[in-house]
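predicted model and sequence follow; I will ask about them next.
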Amino acid sequence: MFVLDPAFVATSHPLADLPLCAARLQDDAGYPWIVLIPRVSGARELEDLSAGDQTRLMAEILAAGRGVRAAGEALGRPVEKLNVGALGNVTPQLHIHVVGRRSDDPAWPDPVWGRGGGRAYGAAELARALAAASPALGLGPQAAAR
């Protein structure tokens, strides 16, 4: 049975349930940032996914990139570069970060990982980011996260 690691609940907001992954908006207003967590019990590495799920994951990463770009536009910070990473050093449950970067972002040109606590979204900013990212993932309203 799949259980979402509590670290994701504490650091991100539900965005959508995609066919394979739970998509969550990272609570760091410095970057439009979606985390994809495959709903596969015990998965820690990409190799833990079936071939079909690996293919599905790539499609969902591309969809998350569209969501990140849409959120960046809605927040007035268009994305110049997408960073995609599956690190798992801190939270071992398989997850993929899709981060929108800009040359004027707080970490540029360095990685965003391990930079300490970011700035949490304000309520209005969070609502704009979620509202922009969800349709860009290619989901109808019935598929939005609960």
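Right, received. Where do you want to start?

can you tell me the element the residue positioned nearest the centre of the chain falls in?
In the chain, the centroid-proximal residue (Cα atoms, centre = their mean) is residue 34; its distance is 1.5 Å. Element membership of residue 34, judged by DSSP states H and E, is strand 33-38.

what lines up beside that strand in the sheet?
Note on strand 33-38: by DSSP bridges, its sheet partners are strand 21-26 (antiparallel), strand 96-101 (antiparallel).

of all those strands, which one is nearest residue 138?
strand 21-26 (11.0 Å; Cβ to Cβ). In short, each C-beta sits where N, CA and C put it, glycine included.

ok, residues contacting that closest one?
4, 8, 11-17, 33-39, 57, 60, 64, 67, 71, 96-97, 99, 121, 126, 129-130, 133, 137, 145 (Cβ atoms under 8 Å, 6 or more residues apart in numbering).

try it again with 7 Å
4, 8, 11-16, 33-39, 60, 64, 129-130, 133, 137 (Cβ atoms under 7 Å, 6 or more residues apart in numbering).

tell me what the longest helix seen in the chain is packed against?
Across the chain, the longest stretch assigned as helix under DSSP state H is helix 51-74. Judged by 3 or more Cβ pairs under 7 Å, 6 or more residues apart in numbering; DSSP states H and E, the packing partners of helix 51-74 are strand 33-38, strand 81-85, strand 96-101, helix 123-136.

using PDB, write out every CA atom in that helix.
The C-alpha trace of helix 51-74 is given here as PDB (Å, rounded to 0.1, in the frame of the first residue of the first chain):
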ATOM      1  CA  ALA A  51       8.900  -0.300 -17.800                       C
ATOM      2  CA  GLY A  52       5.300   1.000 -18.300                       C
ATOM      3  CA  ASP A  53       5.500   3.200 -15.200                       C
ATOM      4  CA  GLN A  54       8.900   4.500 -16.300                       C
ATOM      5  CA  THR A  55       7.400   5.700 -19.600                       C
ATOM      6  CA  ARG A  56       4.400   7.200 -17.800                       C
ATOM      7  CA  LEU A  57       6.800   9.000 -15.400                       C
ATOM      8  CA  MET A  58       8.500  10.700 -18.300                       C
ATOM      9  CA  ALA A  59       5.200  11.900 -19.600                       C
ATOM     10  CA  GLU A  60       4.300  13.200 -16.200                       C
ATOM     11  CA  ILE A  61       7.700  15.000 -15.800                       C
ATOM     12  CA  LEU A  62       6.900  16.800 -19.100                       C
ATOM     13  CA  ALA A  63       3.500  17.700 -17.900                       C
ATOM     14  CA  ALA A  64       4.900  19.000 -14.600                       C
ATOM     15  CA  GLY A  65       7.300  21.200 -16.700                       C
ATOM     16  CA  ARG A  66       4.200  22.700 -18.300                       C
ATOM     17  CA  GLY A  67       2.700  23.200 -14.900                       C
ATOM     18  CA  VAL A  68       5.900  24.900 -13.500                       C
ATOM     19  CA  ARG A  69       6.000  27.200 -16.500                       C
ATOM     20  CA  ALA A  70       2.400  28.100 -16.100                       C
ATOM     21  CA  ALA A  71       2.900  28.800 -12.400                       C
ATOM     22  CA  GLY A  72       5.900  31.000 -13.200                       C
ATOM     23  CA  GLU A  73       3.900  33.000 -15.700                       C
ATOM     24  CA  ALA A  74       1.000  33.400 -13.200                       C
END
